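In: Sequence and predicted structure below; questions after.
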Amino acid sequence: MPQAPRGDRLYSLDESGDLTTSIGHDTLPQRLGVRAARRPARGIVAALAFGGVLGATGCSQLPFSAAWDPFAAAPPTPVAPWRASDGSKQPRLAVLIDRLNKEVQIDPDKEYGLADLIDLAQRLNPETWRAWEEARAAAARLGRSESAWFPALAATAAAGTSRTVEKAGAGLGGAVPVTGPEATPTLQLSWILLDFGRRSAAVEQAGWDVMTANLHFNRKHQDVAFGVSESFFALDASRARLTSARVTLEQASAVADAVQARFEQGLATRPDLLLAVQERARAAFDVQDADGQVSDARARLADSIGIPPTVPLKVAELGSIPLPTELPATVEQVMDRSLVRRPDLAARLAALRAREAEVKQARAQFMPQIGLSSSVGGDYGRYTFGNGDPIDFHREVYGAFLNFSWTLFDGFDRQNRVREATAQRGAAEAEVAALELRVIRQVWQAYTDVKTAMGKREFALALLAASQEAYAATLESYRSAGLATVLDLLAAQRDLSRARYTDIQSRADLLRASAALVHASGD
């Protein structure tokens, strides 16, 4: 029976003319690699073709052009700013905003109240989108961890053609070329049957991570609502200050007119008139400053919603909304409710449970694994020896195995993994304790701020009423009897202006403190 050595595998022709083989150690990719190495002419042709591709496309358009010219992506000189090329310009922020806002339309003719603005922010603010995507990513990680319970099925195949010159010896006529195509398809199955808690601990950890992400998502909505409320109250206060500044300007103009009339009658001096004109100019400046603060407050409100400040948005006035006059519960009751309802605190507790599951997973690494593996495949080819007729060759391989693996020593890696997981669990416990203290402090501070703001509101109303009476009496005395001086009149006007600002600020502080208490309690 003639035989010919072929690599590490011995091929022979049996009596029926089929190609048979003895067991060797080479594989089809190895044989193809050896055969390709014996064909330098084809390698040269491939190199020339690759060079033609580089010349046709240009090096700057290739995804790996920085491999041989990395400094082309850096600033060319240290003395001039870097300028982006046409192909590396940054995307405009408006494009990203339009993508986020494509499903939400803002009606330019509608007046949006606080509830409407919060609804817009929950749909438009990028922070809620980010928290939502992070929760979806955590859910996907849970699915990945549960996939370890299922078997894995993979299909692989390799195919190609080759030409090999076999040294068969003088008896067979010297060198014999062997040519022909070959294919090796394989279907492999692997399944972990028992791992002593590895997969269950991983699934538990991923489940708690999903809970953490979902609770962070809820807290982000509360943060966005609180940010919109703060900005809304600040805008209302800034508009009230603008209205107050305009009223002060009108009063300053009236005072200047009164002083001008007395000056023309010889009952006032020129310094008195200049002081009145100066106070009117100061009031006009305050109007412009208050108008700028309204614009800034609108921009902050738009930012809290998640839209550019250039978007036309009508914001409703608060009007005569009733302010809280008393607290419905004690501070201890609010603290107890916040420790139960705060999503960020619940998220920290879920993160602690995830760290505990991580400790379980690290300890399970000390146990063995039992699995099942099987494969079905073969080797198929059609070869020609020298000038002979083609010979079909095929070999089918299949098997099933029960696998057992147990790492006995790994350089203390598993011990240190347990230590790391235990330390992270301890850090998570400390984070929970620290957040509980922070929540209690936030509730206490917000509760105290509401009580303080209520007291300040009462005194601000009393101060405004007294200042209005004092200004009216002083103006009447200056106009009719001449008993009050212009300095007294200007002082009364300034006191009234400060009283108005105090009234506006006390109202804004009470609204903000009430919103902060709701936010701190987790409602």
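Out: Happy to help now that I have it.
In: who's in contact with the nearest residue to residue 325 once chain neighbours are set aside?
Out: Spatial nearest neighbour of residue 325, excluding adjacent residues (CB to CB, 6 or more residues apart in numbering): residue 454 at 6.9 Å. (Glycine included, C-beta is placed from N, CA and C.) Remark: with contacts taken as CB atoms under 8 Å, 6 or more residues apart in numbering, residue 454 is in contact with 324, 325, 326, 510.
In: my guess is the first one contacts residue 453, does it?
Out: No: here residue 324 lies out of contact with residue 453, judged by CB atoms under 8 Å, at a distance of 9.0 Å.
In: what's the overlap in contacts for the two?
Out: Between them, residue 324 and residue 453 share the contacting residues 510, 514, judged by CB under 8 Å, 6+ apart.
In: So between the two, which is more surrounded?
Out: residue 453 (22 against 15; other CB atoms under 10 Å).
In: in the longest strand seen in the chain, what's buried?
Out: Determined from DSSP state E, the single longest strand within the chain is strand 175-194. Using 16 or more other CB atoms under 10 Å as the test for burial, strand 175-194 gives 176, 178, 179, 180, 182, 183, 184, 186, 192.
In: Enumerate every residue touching residue 488.
Out: 474, 478.
In: what's the distance between the residue nearest to residue 325 and residue 324?
Out: 7 Å (CB to CB, to the nearest Å).
In: Quick check: neighbours shared by those two?
Out: Between them, residue 454 and residue 324 share the contacting residues residue 510, judged by CB under 8 Å, 6+ apart.
In: quick one, what contacts residue 193?
Out: Residue 193 touches 370, 371, 372, counting by CB under 8 Å, 6+ apart.
In: Flag the shaky bits of the stretch 51-200 of the chain, pLDDT-wise.
Out: Along the stretch 51-200 of the chain, segments meeting pLDDT under 70 span 51-65, 84-104, 168-174.
In: And the strands in the stretch 151-300 of the chain, which stretches?
Out: 152-167, 175-194 (DSSP state E, counting those that start in this stretch).
In: Quick one: the helices in the stretch 101-250 of the chain, in order.
Out: In the stretch 101-250 of the chain, the helices defined using DSSP state H, counting those that start in this stretch lie at 114-124, 126-146, 198-264.
In: which of those is buried the deepest?
Out: helix 198-264 (a mean of 20; mean count of other CB atoms under 10 Å).
In: tell me what that helix is packed against?
Out: Contacts defined by 3 or more CB pairs under 8 Å, 6 or more residues apart in numbering; DSSP states H and E place helix 198-264 against helix 114-124, helix 126-146, helix 270-305, helix 343-364, helix 413-476, helix 486-521.
In: pLDDT weak spots in the protein?
Out: Within the chain, the stretches with pLDDT under 70 are 1-65, 84-104, 168-174, 319-321, 481-482.
In: And the most centrally placed residue in it, how close does it get to residue 417?
Out: Central residue of the chain (CA atoms, centre = their mean): residue 130, 4.1 Å from the mean position. Using CB to CB, we find residue 130 at a distance of 31 Å from residue 417.
In: Likewise for residue 356?
Out: 15 Å.
In: show me the contacts for the residue lying closest to residue 192 once chain neighbours are set aside.
Out: Excluding its sequence neighbours, the residue lying closest to residue 192 (CB to CB, 6+ apart) is residue 371, at 4.5 Å. Shown in contact with residue 371 (CB under 8 Å, 6+ apart): 190, 191, 192, 193, 194, 402, 403, 405.
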